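1. following is a predicted model, sequence given first.
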Amino acid sequence: MSSGDLLNIEPLDLKFRFELKKQISCSIHLSNNTENHVAFKVKTTNPKKYCVRPNTGIVLPRSTSEVTVTMQAQKEAPSDMQCKDKFLLQSVVATPGIVPKDITQEMFNKEEGRVVDECKLKVIYLPPQSPPSPVAEGSEEGSSPKESMKDNGHQNGSEDKSVISRLMAEKASALQQSNRLRQELELVKRDMTRNRSGGVSFILVIMVGLLGIVLGYVLKRS
């Protein structure tokens, strides 16, 4: 901050975060702590490179004003990121009631009996900001995506094994019942052969039906 007799100026270093092919702006804050109207004018050593708005103005007594400096888009960056451009901010006591359009260059000429404050500002280039690190989606409470995938895979594998074991047990039980029914059917057939009843007994019909149901269930579960 510059604490002159007329204006306090902040900052004294105009910092531009340099990016190619992009306009970059920064602000100059002016504070008038006097009881006078203060006129100001901003000059630069490289007017084609910078746009200053407003480049002239009036700061009322006990008030503030702001100046925006915009650097035009640059096609190439300096090799050492150093800048020799300078700005000069001049200020002078103005007549009460003056408006910005009434400001002239003659007002800032150093003549006898006229005090012209001057403050030099320099330009500093800052490197571009680094892009933020990508954050993996789906991670919770510090766990990485790989760990989450491992946990899910382990749980799914356990569930699959449990289902397979249950199906195998059911299949084995059904096969045992089928074998038992077949044995009973053979006994019935032998009994019928001995008796030579010449017809099909009611028990045989029931056993054949039960065997068909069990076999169908076994084939379906398989």
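-> That came through fine.

2. which residues touch K22?
-> When contacts are counted by CB atoms under 8 Å, 6 or more residues apart in numbering, K22 touches A73. Where you see a C-beta, it was placed from the backbone N, CA and C, and this is true even at glycine.

3. remind me which residues of this protein are low pLDDT?
-> Within the chain, the stretches with pLDDT under 70 are 1-4, 133, 135-158, 188, 192-209, 212, 214-222.

4. helices of that one, start to end?
-> 145-195, 202-221 (DSSP state H).

5. what about the residue lying closest to L88 once chain neighbours are set aside, distance to K189?
-> Sequence neighbours aside, K43 is the residue nearest to L88 in space, at 4.6 Å (criterion: CB to CB, 6 or more residues apart in numbering). According to CB to CB, to the nearest Å, K43 and K189 sit 120 Å apart.

6. likewise for K48?
-> For K48, the distance to K189 - CB to CB - is 113 Å.

7. and V69, how many neighbours?
-> Per other CB atoms under 10 Å, the neighbour tally for V69 reads 21.

8. list the contacts of it.
-> 14, 25-28, 42, 50-52, 87.

9. one more: K86?
-> 44-45, 120-123.

10. is it bridged to anything, and to what?
-> K122 (DSSP bridges).

11. re the thing from before, put the buried members of the contacts of V69 into a ChimeraX selection.
-> Command for ChimeraX, covering only those of the contacts of V69 found buried under the criterion 16 or more other CB atoms under 10 Å:
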select :14,26,28,42,50,52,87
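
12. good, we can wrap up now.
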